[in-house]
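**Student:** how does the following fold in three dimensions:
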Amino acid sequence: MLKQLLSRLPRKSSKSDSIDTPRSSGHALASHGGLQRTASANVVSIRSNALKRTSSAVFPSSAVVGIEPLLSFKDVPSSERMNLFISKLSLCCVVFDFSDPSKNTSEKDLKRIILMELVDFVASGSQRFTEPAILTMCKMCVNNLFRVFPPNYQSNSSGGENDDDEPMFDPAWSHLQVVYDLLLKFVTSSSLEAKIAKKYINHAFILNLLDLFESEDPRERECLKTILHRIYGKFMVHRPFIRKSIGNIFYRFVSETERHNGIAELLEMFGSVISGFALPLKEEHKIFLWRALIPLHKPKSLGVYFQQLSYCVSQFIDKEPKLASNVIRGLLKYWPITNSQKEVMFLSELEEILDEINMGEFQKVMVPLFWRIGHCINSSHFQVAERALLFWNNDKIINLIEYNRHVILPVIYPALEKNAQSHWNQSVLNLTLNVRKMFSEMDDMLFLACHSHLKEEQAKLSLVAEKRREMWERLEEVASLRPITETTAVLVTSLPTSINC
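**Tutor:** Numbers count the residues shown, from 1 in each chain. The predicted model follows:
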């Protein structure tokens with residue numbers, strides 16, 4: 001069977017393609033004769049009959065002529081194993097169409113077996129990878145992994161009505177998974193020299209990897225996250241480029257599309273990168289926080305990646321506590337007004353920041369911060385009001401409030417008093433009364449002073465409202481007494497006008 005296959009193949013090797021070229025079509029192997037196998041049991045007989053044959057005609061010029069790719073690594077001497085490795089990689093450059101499960105089943109099975117052999121060989125770390133091996137490995141990854149997703153495949157992760165839809169799983173995952181495993185073991189192998197590999201695992205290769213984060217298959221994004229992290233760790237020369245490229249993805253997501261499947265995975269990967277930043281933080285890292293991470297709080301799909309984003313922000317504050325006040329200002333800038341679920345998330349992140357903030361940074365933002373917390377306390381959505389009032393269950397926050405009570409209580413007291421008088425939810429009402437009692441026990445004189453000041457302000461507002469009402473009544477009375485002419489404007493009022501302030 002293999003003799004018939006090889007007799008139909010061209011004898012002249014084609015030139016090696018660049019690793020940046022698009023992946024080949026799924027029916028390439030079948031259209032050129034392919035590996036015609038009827039059952040997986042034929043693999044043994046094919047290997048035994050192939051010792052005197054060569055399959056170099058189907059491989060790029062980087063493949064070494066004379067090494068049959070169907071041989072096992074243990075069946076060739078150690079000096080020839082790297083050549084066999086290249087031959088097997090070249091064979092795996094052929095890509096199949098997985099949209100039709102009944103098409104090329106034997107060839108697909110054989111390719112998966114060869115990929116598993118390659119994974120075991122790379123994991124063994126028995127030999128240092130040569131430059132042709134690195135080139136062929138990168139080309140195999142380009143052909144199998146790098147692809148453009150159709151428009152209907154890309155995510156609708158903008159928090160719309162399709163959020164509950166099941167993600168689309170790639171039918172080729174049985175092969176993609178093994179290729180990702182092979183790439184991961186290849187990148188992390190001690191037999192791979194970064195100085196040589198950086199020529200092929202270059203900026204174009206990294207950009208193509210980042211594009212794959214658009215995949216709707218969560219299994220693929222998880223593999224990509226791990227591989228990108230390992231590339232970041234091994235290739236120091238590529239680190240600034242990786243950070244810049246991830247930042248560009250975030251900028252485009254926030255400012256243009258608000259659609260991307262891989263934001264959570266990219267943030268999770270970047271969280272571990274932040275933990276390795278040296279102190280003091282470079283200015284470029286701070287700029288990334290201001291321009292990329294903080295604006296990521298704006299999209300309505302925040303809930304998809306909120307935990308990862310919050311972790312990244314907390315890592316920055318752990319590294320440099322002086323950033324806490326600026327982060328709080330950023331949160332106040334992007335504070336959601338009409339989205340109650342996002343408000344609860346913002347309040348949770350605020351509590352984490354306040355749990356770590358020092359006194360000096362807290363005093364810089366405490367007035368606008370507690371003005372916003374006061375609005376949350378008065379929210380008609382009980383979860384928002386309840387989450388804001390739970391700040392007073394945190395001992396660290398209570399200590400900050402107690403030390404600065406002369407500034408904070410006058411800001412927050414009107415909101416507490418309004419809740420105590422009119423909030424509809426009993427749980428929120430009970431929490432409000434507990435907070436009022438806590439402030440009273442903290443400083444009774446200040447509490448009474450705030451209460452008196454609020455009463456005075458309410459009396460002034462009532463007086464102003466009464467004067468405005470009387471003025472409108474006089475205007476209506478004057479207008480009703482004036483004679484009506486063709487050129488005179490008429491004020492018609494069927495009911496008494498009342499203005500509530």
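
**Student:** check contacts around the closest residue in space to residue 219 that isn't next to it in sequence.
**Tutor:** Nearest non-adjacent residue to residue 219, counting by CB to CB, 6 or more residues apart in numbering: residue 173, 6.6 Å away. (Glycine included, C-beta is placed from N, CA and C.) When contacts are counted by CB atoms under 8 Å, 6 or more residues apart in numbering, residue 173 touches 217, 219-220.

**Student:** narrow these to just the buried residues.
**Tutor:** 217, 220 (16 or more other CB atoms under 10 Å).

**Student:** now render the contacts of residue 173 as TSV, adding distance to residue 82 and pLDDT.
**Tutor:** Listed next are those as TSV, based on distance: CB to CB, whole Å; pLDDT from 0 to 100:
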residue	distance to residue 82	pLDDT
217	33	89
219	31	92
220	29	93
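
**Student:** which of the contacts of residue 173 fall in helices?
**Tutor:** If you go by DSSP state H, the contacts of residue 173 have 219-220 in helices.

**Student:** now distance to residue 391 too, for the contacts of residue 173, in a markdown table please.
**Tutor:** A markdown table is the format used below for the contacts of residue 173 (distance: CB to CB, whole Å):
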| residue | distance to residue 391 |
| --- | --- |
| 217 | 40 |
| 219 | 39 |
| 220 | 40 |
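
**Student:** which of the contacts of residue 173 sits closest to residue 467?
**Tutor:** residue 217 (67.0 Å; CB to CB).

**Student:** residue contacts, the closest one?
**Tutor:** Residue 217 neighbours (CB under 8 Å, 6+ apart): 167-170, 173.

**Student:** from those residues, which is closest to residue 280?
**Tutor:** Looking across the contacts of residue 217 and measuring by CB to CB, the closest to residue 280 is residue 167, at 41.5 Å.

**Student:** what ranges of the protein fall below the confidence cut-off?
**Tutor:** 1-67, 151-167, 483-501 (pLDDT under 70).

**Student:** longest helix in it, please.
**Tutor:** The chain, longest helix under DSSP H: helix 444-481.

**Student:** buried sites along that one?
**Tutor:** 446-447, 450, 454, 469.

**Student:** again, but for stretch 389-407
**Tutor:** 389, 391, 397, 400-401, 404-405.

**Student:** and stretch 331-343, by the same measure?
**Tutor:** So, applying 16+ other CB under 10 Å, buried residues of stretch 331-343: 331, 334-336, 340-343.

**Student:** list the contacts of it.
**Tutor:** Residues outside stretch 331-343 that contact it (CB under 8 Å, 6+ apart): 294-295, 297-298, 300, 302-303, 346, 349-350, 365, 368-369, 372, 376, 379, 381, 383-384, 387.

**Student:** any quick ChimeraX command for the buried ones out of those?
**Tutor:** ChimeraX command restricting these to the buried ones, with burial defined by 16+ other CB under 10 Å:
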select :294,295,297,302,346,349,350,365,369,372,376,379,383,384,387
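
**Student:** okay if I get the buried residues of stretch 331-343 as a markdown table plus distance to residue 322 and secondary structure?
**Tutor:** Formatted as a markdown table, the buried residues of stretch 331-343 follow (distance: CB to CB, whole Å; DSSP: H, G, I helix; E, B strand; the rest coil):
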| residue | distance to residue 322 | secondary structure |
| --- | --- | --- |
| 331 | 16 | helix |
| 334 | 21 | coil |
| 335 | 22 | coil |
| 336 | 26 | coil |
| 340 | 32 | helix |
| 341 | 31 | helix |
| 342 | 27 | helix |
| 343 | 27 | helix |
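
**Student:** which among those gets closest to residue 460?
**Tutor:** Among the buried residues of stretch 331-343, and counting by CB to CB, the member closest to residue 460 is residue 335, at 29.1 Å.

**Student:** check the gap between the closest one and residue 178 for me.
**Tutor:** To residue 178, residue 335 is 47 Å away according to CB to CB, to the nearest Å.

**Student:** then residue 236?
**Tutor:** Counting by CB to CB - residue 236 and residue 178 are separated by 29 Å.

**Student:** what of residue 424?
**Tutor:** According to CB to CB, residue 424 stands 58 Å off from residue 178.

**Student:** of the two, which one has the most company?
**Tutor:** residue 178 (20 against 9; other CB atoms under 10 Å).

**Student:** so that one sits against residue 112, correct?
**Tutor:** Yes. At 6.3 Å, residue 178 counts as touching residue 112 under the criterion of CB atoms under 8 Å.

**Student:** find the centremost residue of this structure, please.
**Tutor:** Note on the chain: the residue nearest the mean C-alpha position is residue 263, at 1.9 Å, using CA atoms, centre = their mean.

**Student:** could you find the closest non-adjacent residue to that one?
**Tutor:** Residue 263 sits nearest to residue 305 (CB to CB, 6+ apart), 4.6 Å away.

**Student:** what strand or helix carries that neighbour?
**Tutor:** If you go by DSSP states H and E, residue 305 is part of helix 302-319.

**Student:** residues contacting the nearest residue in space to residue 272 that is not next to it in sequence?
**Tutor:** Nearest non-adjacent residue to residue 272, counting by CB to CB, 6+ apart: residue 229, 6.4 Å away. Residue 229 sits next to 269, 272-273 when contact means CB under 8 Å, 6+ apart.
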